[in-house]
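Peer 1: have a look at this prediction, sequence included:
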Amino acid sequence: MPLSDPAPRRAVHRRLVETQAYRRDDGLWDVEAHLRDTKAFDMRDFRRGTIPAGGPIHDMWVRVTIDTGLVVRAVESSSDAAPFAPCAARSDEFAALIGMPMASGWRRRVHEIFGGRNSCTHLVSLFEPIATTAYQALCGGDDPLGEDPLAASMHQVQKPFFVDGCRVWREDGETVAMVFPDAAWRAKASA
């Protein structure tokens, strides 16, 4: 275990967030997120009565469809379990994201539009891991060896979206020099 041994304790609440990316046959990408909250004890719910230990308090889904430029083409959400009726997602709730690039400032823009009383906090929280999952999926195409010829040729001409996204991928760093030694955009940046 990478963390130190904890103090004596007991489980109370569990939140599982899982994301998955899919390359579609039509060239678009689907990125899905699933959030499930449970308690380690029976809990009284105002609307549903008693929820047994391990039963879902929240069980929610979001699917974002993007193109290879990380532009949102469709958004869908679903609430299979929620404590209150207004928690349930509306089919068109996140339509304002369509056409928006999943780029720098994504999290801030999502929270400006849907934060606070404008939407469900739990559904909104899924858009950040959706974005990071999209980045991971698109940066290597769908080739398990990372040799997708389309991605490789594109990255030689155009600076990849993930460069300067973290300290490892600094444009002036060792990793970028190693992975993209002859990229045309690197020559322009260093000139």
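Peer 2: All right, it came through fine.

Peer 1: spatially central residue in the protein, please.
Peer 2: Centroid-nearest residue in the chain: residue 130, 1.2 Å away (criterion: C-alpha atoms, centre = their mean).

Peer 1: pretty sure residue 31 is one of the things that one touches, is it not?
Peer 2: Yes - in this structure, residue 130 is within contact of residue 31 by C-beta atoms under 8 Å, at 4.9 Å. C-beta here means a position set from N, CA and C on the backbone, and glycine is covered the same way.

Peer 1: pull up the overlap in contacts between these two.
Peer 2: 19, 64 (C-beta atoms under 8 Å, 6 or more residues apart in numbering).

Peer 1: ok, which stretches of this structure are helices?
Peer 2: Assigned helices in the chain, in chain order: 106-114, 121-125, 127-138, 149-157, 174-179, 184-190 (criterion: DSSP state H).

Peer 1: domains of this structure?
Peer 2: 13-138, 149-190 (automatic domain parsing).

Peer 1: I'd like the mean pLDDT over the shortest one, please.
Peer 2: Right, the one you point to is domain 149-190. What domain 149-190 shows for mean pLDDT is 73.

Peer 1: just the strands in this protein please.
Peer 2: 13-23, 29-39, 43-45, 49-51, 56-66, 72-81 (DSSP state E).

Peer 1: dump those to TSV, plus mean neighbour count and mean pLDDT.
Peer 2: Compiled in TSV, the strands of the chain are given as follows (neighbours: other C-beta atoms under 10 Å; pLDDT from 0 to 100):
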stretch	mean neighbour count	mean pLDDT
strand 13-23	14	96
strand 29-39	20	97
strand 43-45	13	89
strand 49-51	11	91
strand 56-66	21	95
strand 72-81	17	93
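
Peer 1: what would those strands look like in TSV with distance to residue 158?
Peer 2: Shown next, in TSV, are the strands of the chain (distance: least, C-beta to C-beta, whole Å):
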stretch	distance to residue 158
strand 13-23	19
strand 29-39	18
strand 43-45	51
strand 49-51	50
strand 56-66	17
strand 72-81	20
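
Peer 1: out of these, nearest to residue 136?
Peer 2: For residue 136, the closest of these is strand 13-23, at 7.2 Å, according to C-beta to C-beta.

Peer 1: name every strand pairing with the closest one and say which way it goes.
Peer 2: Applying DSSP bridges to the sheet, strand 13-23 is found paired with strand 29-39 (antiparallel).

Peer 1: residue 62 contacts residue 122, correct?
Peer 2: No - Residue 62 is beyond contact range of residue 122, at 9.7 Å (criterion: C-beta under 8 Å).

Peer 1: which non-adjacent residue is nearest residue 68?
Peer 2: residue 138 (6.6 Å; C-beta to C-beta, 6 or more residues apart in numbering).

Peer 1: now residue 52
Peer 2: Per C-beta to C-beta, 6+ apart, closest to residue 52 is residue 42, 5.4 Å.
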